[in-house]
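Student: Dropping the sequence and predicted coords here.
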Amino acid sequence: EAGVAQSPRYKIIEKRQSVAFWCNPISGHATLYWYQQILGQGPKLLIQFQNNGVVDDSQLPKDRFSAERLKGVDSTLKIQPAKLEDSAVYLCASSFSPPDTQYFGPGTRLTVL
Amino acid sequence: QKEVEQNSGPLSVPEGAIASLNCTYSDRGSQSFFWYRQYSGKSPELIMSIYSNGDKEDGRFTAQLNKASQYVSLLIRDSQPSDSATYLCAVNSMASDAGNNRKLIWGLGTSLAVNP
């Protein structure tokens, strides 16, 4: 069974630029999560999708972050414009349904200069 | 605000010893509890999940849950240098700001170092 796929693995941008991340969950997993993990901290949930609907985006900085999950499968997370404090690892995870076990992709390491 | 607390460590144990990792949580209604291992530069991977009071064993790993005291622990027997990582405790909790949705609340993780 293929795991959660993410791309790119690394991204370096300058502040005020925009960036987008892509995630393909495990086949059949209806729930998809985007997390932000800053070094030394636990993952922070940014947004949770159930199929293609948003279940929880209470911690998503909506003035600069956006996410979509078209057709209930792949998802993209966008930051525009980026700030220095957005430097982190962005993790995508999926589960069959909440509150089932979440499986993580390899993550995207974002550096904002 | 629902919380999950872990000692940040580092916890240092000699090879072959038992490593004990602890986690406390604030939401008495929590029903699912997870331990994830995260190597430096890698993403979290599931080690154990536990849903009922008591012990659950899987190889060298034992998860212990005590809902009355609101803690969950992870024991690693015969610790190996390859066990050196950060261990994240995650608790499924009712999200007070998202209707009836439940979401994982994560601890900050405990860094474990197993010394040869």
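Tutor: Yep, that arrived. In this text the structure is predicted, and so the values were computed from the model without any measurement. Numbering: from 1, shown residues only, chains lettered A, B, ... in the order given.
Student: Tell me the spacing between the most centrally placed residue in chain B and A:Thr76.
Tutor: Closest to where the C-alpha atoms of chain B average out (Cα atoms, centre = their mean) is B:Cys89, at 3.2 Å. The gap separating B:Cys89 from A:Thr76 is 30 Å, by Cβ to Cβ, to the nearest Å. (C-beta placed from N, C-alpha, C; glycine too.)
Student: swap in B:Ala63?
Tutor: The gap separating B:Ala63 from A:Thr76 is 35 Å, by Cβ to Cβ.
Student: The two: who's more crowded?
Tutor: Neighbours of B:Ala63 and A:Thr76, each counted by other Cβ atoms under 10 Å in any protein chain shown, are more numerous for B:Ala63; the result is 24 against 14.
Student: where's the nearest residue to A:Pro25 once chain neighbours are set aside, which helix or strand?
Tutor: The spatially closest residue to A:Pro25, leaving aside those adjacent along the chain, is A:Ser94, at 3.3 Å (Cβ to Cβ, 6 or more residues apart in numbering or on different chains). Element membership of A:Ser94, judged by DSSP states H and E, is strand A:88-95.
Student: ditto for B:Tyr36
Tutor: Element membership for B:Tyr36 (DSSP H and E) is strand B:32-38.
Student: do that strand and chain A meet at all?
Tutor: Yes: residues of strand B:32-38 are located near chain A by Cβ under 8 Å from any Cβ of the partner chain, namely B:32, B:34.
Student: Return the distance of that strand from the chain's centre.
Tutor: Distance of strand B:32-38 from its chain centroid, counting by Cα atoms, centre = their mean, to the nearest Å, is 5 Å.
Student: What strands line up against that strand, and which way round?
Tutor: With DSSP bridges as the test, strand B:32-38 is paired with strand B:45-50 (antiparallel), strand B:85-94 (antiparallel).
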